[in-house]
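> for reference, the sequence and a predicted model appear below.
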Amino acid sequence: MFRTLSLAIALAVVASAPHLAAQGQTPEFLEAIRKFTTYAPLLHYPPSARAQHLQGSGIYLLHLRSDGTVERVDIVKSTGYRELDDVCVATYKKWRFRQNFVAKTHKVNIPVTFTMSR
């Protein structure tokens, strides 16, 4: 029986540094990415979403294949904006997980928060 891993560290993409979106991501989250993945592009805050001041939090469920690729991404909780959800789904479909990780679980929950700083 496989478990669903929940990365308990929320991912925050901060609009004040759109060209450096990774700065809004906690060191703990980045460490978890390095530990469990072989390839994991970081999210970016779409420029049009920033211009419209779109913000929201969502949860995404990644279904993993035995080779570590992502079979599909389900939106467990939407950010409330299709544009933000679409960037999450498209980015997470590119992720590749380590074999030793996939041997333990075939599903991963990832919480995400898009927020505009003042």
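Everything's here; your move. None of the values given here were measured: they were computed from a predicted structure. Residues are numbered from 1 along each chain as shown.

> can you list the low-confidence ranges for this protein?
1-25, 118 (pLDDT under 70).

> all helices of it, in order?
For the chain, helices defined by DSSP state H occupy the ranges 27-36, 47-51, 82-92, 99-102.

> what's the most buried one of the ones you listed?
Of all the helices of the chain, helix 82-92 has the most neighbours on average by mean count of other C-beta atoms under 10 Å, namely a mean of 17. The C-beta positions use only the backbone N, C-alpha and C, and glycine is treated the same way.

> ok, which of the helices of the chain comes nearest D67?
Closest to D67 of these, according to C-beta to C-beta: helix 99-102, at 7.6 Å.

> just the C-alpha atoms of that closest one, please, in PDB.
Extracted in PDB, the C-alpha atoms of helix 99-102 (Å, rounded to 0.1, in the frame of the first residue of the first chain):
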ATOM      1  CA  GLN A  99      13.500   6.300  -7.700                       C
ATOM      2  CA  ASN A 100      13.900   5.600  -3.900                       C
ATOM      3  CA  PHE A 101      11.200   8.200  -3.200                       C
ATOM      4  CA  VAL A 102       8.700   6.700  -5.800                       C
END
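
> ok, and what's touching it?
36-37, 64-68 (C-beta atoms under 8 Å, 6 or more residues apart in numbering).

> same question, stretch 75-89
Stretch 75-89 has contacts (C-beta under 8 Å, 6+ apart) with 43-44, 46, 48-49, 54, 56-61, 73, 109, 112, 114.

> endpoints of that stretch, how far apart?
8 Å (C-alpha to C-alpha, to the nearest Å).

> also stretch 73-93?
End to end - C-alpha to C-alpha - stretch 73-93 spans 7 Å.

> can you show me the CA trace of the longest strand along the chain as PDB?
Counting by DSSP state E, the longest strand found in the chain is strand 105-115. Extracted C-alpha coordinates of strand 105-115, given in PDB (Å, rounded to 0.1, in the frame of the first residue of the first chain):
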ATOM      1  CA  THR A 105       4.700   6.700  -2.500                       C
ATOM      2  CA  HIS A 106       3.000   7.300  -5.800                       C
ATOM      3  CA  LYS A 107       1.200  10.500  -4.700                       C
ATOM      4  CA  VAL A 108       2.400  13.900  -3.400                       C
ATOM      5  CA  ASN A 109       0.300  16.800  -2.100                       C
ATOM      6  CA  ILE A 110       1.800  20.300  -2.700                       C
ATOM      7  CA  PRO A 111       0.300  23.400  -1.100                       C
ATOM      8  CA  VAL A 112       0.900  26.700  -3.000                       C
ATOM      9  CA  THR A 113       0.300  30.300  -2.100                       C
ATOM     10  CA  PHE A 114       0.500  33.100  -4.600                       C
ATOM     11  CA  THR A 115       0.700  36.500  -2.700                       C
END
